[in-house]
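>>> Test case, fold it:
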Amino acid sequence: MKTAGTIESVTRNASGRYTVTLDTDSRAIAIADALRGKRLDIIIKPHREKRSLDQNALYWSIVVQLAAALKQSNIWVHNTLISRYGSPFIVNGGLVSVMIPADDPTVMESEEYHLSPSSEVAEIDGQVMRRYIVMRGSSTYSKREMQRLIDGAESEARDMGVHLEIGID
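Numbers count the residues shown, from 1 in each chain. A predicted model of the protein is given here:
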């Protein structure tokens, strides 16, 4: 079950264990009764509004038009925009990065991962390598992150003189 709510209180009992009381909507009651007393995997994280389907449709409409104007694949344009305007993957407060051969032509054509090239280049075992920052996929973006990606895509189109035909049902 997944739901949104707030932490109402945290108390410590005599044995040193903690009880966290949550305030949720009514969807939680049925599952709570069924799972009462059972060991659970619990993840608590701040709530954020996910990107909307309309935002996603608008973004991909722009990507397709930019790809046609640039004579590039939709994936290449998507990865380029994610690289410039997207959000990095962060673990324990730090950016995740990888070293990849600097001349690897497949980096911007991947559907499985999104990378942003950094200026760091090094020779490793006789091969020139570039550090790439690992970027999150747009399906994980909040509304605000998705809007930044859309604004960047629209800006790129304007700068290139591409007149966008935007039609969202």
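
>>> Can you tell me the number of residues neighbouring the closest residue to Gly5 other than its chain neighbours?
In space, and not counting its chain neighbours, Gly5 is closest to Thr24: 3.5 Å by C-beta to C-beta, 6 or more residues apart in numbering. Every C-beta, even on glycine, is put in place using the N, C-alpha and C of the backbone. By other C-beta atoms under 10 Å, 14 other residues sit near Thr24.

>>> OK, contacts around Thr24?
Contact analysis of Thr24 by C-beta atoms under 8 Å, 6 or more residues apart in numbering lists Thr3, Ala4, Gly5.

>>> quick one: the first one and Asp23 touch, right?
It stands for Thr3. No: using C-beta atoms under 8 Å, Thr3 makes no contact with Asp23, being 10.6 Å away.

>>> what about Met129, distance to Val107?
Separation of Met129 from Val107 (C-beta to C-beta, to the nearest Å): 12 Å.

>>> List the ones among the contacts of Thr24 that fall in helices.
Using DSSP state H to define helices, no part of those is located there.

>>> residues near Gly93, how many?
For Gly93, using other C-beta under 10 Å, the count is 5.

>>> now it: how far from Glu120?
Distance from Gly93 to Glu120, counting by C-beta to C-beta: 20 Å.

>>> Tyr113 and Arg39, how far apart?
For Tyr113, the distance to Arg39 - C-beta to C-beta - is 34 Å.

>>> ok, and for the worst-scoring helix or strand of the chain on mean pLDDT, which residues are buried?
None of the helices or strands of the chain scores lower by mean pLDDT, DSSP states H and E than helix 27-35, at a mean of 79. Residues Ala28 are the ones in helix 27-35 that count as buried (16 or more other C-beta atoms under 10 Å).
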